[in-house]
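**Student:** next comes the sequence, and after it the predicted model I'd like to discuss.
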Amino acid sequence: MAKTVHFVSILGVFIATGYSFALMNSESKAKKIADNLQAVFGILIFVSAFWLASVLDLNSNFPRWGKLKTVLWFLLTILGIFSTKKKYASRGLFAVIFILGFLAIGIAVFKP
């Protein structure tokens, strides 16, 4: 269950970020919903990650790749907050968000 929640949260944050990017210059209600979903899924990523770490019994010996991934997702959450503000939103910021997101996923998959 923890893996499923974590996976859906990651998928949700990418979809919400993409939707927010598509509506970057819009003042619509859909843009606000996308921004709020991005925040909710960002929080769910952290909650489900620590839940998953608990299920996998990684709390006592948290691996280096897990720490790096946690830092990357925290940075992604902060960048996601900035991407919702009109004066900070840009194509470059969204590109950085997606690149760092895929890097965090790669770290989890390959566990360097």
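**Tutor:** In hand now; what should we look at? Numbers count the residues shown, from 1 in each chain.
**Student:** rest of the way, CA atoms for contacts and neighbours
**Tutor:** Fine.
**Student:** how would you label the closest residue to I81 other than its chain neighbours: helix, strand or coil?
**Tutor:** Take I81 and drop its neighbours on the chain: the residue closest to it by CA to CA, 6 or more residues apart in numbering is A39, 7.5 Å away. Classification of A39 using DSSP: H, G, I helix; E, B strand; the rest coil returns helix.
**Student:** so A39 touches T77, yeah?
**Tutor:** Yes: counting by CA atoms under 8 Å, A39 touches T77, with 7.4 Å between them.
**Student:** list the helices and strands the helix or strand where A34 lies packs on?
**Tutor:** Per DSSP states H and E, A34 falls inside helix 29-55. Helix 29-55 is packed against helix 2-22, helix 64-83, with contacts defined by 3 or more CA pairs under 8 Å, 6 or more residues apart in numbering; DSSP states H and E.
**Student:** let me know the angle separating the first one from helix 64-83.
**Tutor:** Read it as helix 2-22. Computed with axes from the mean of the first three to the mean of the last three CA atoms, to 10 degrees, the direction of helix 2-22 lies at 30 degrees from that of helix 64-83.
**Student:** brilliant, that's me finished.
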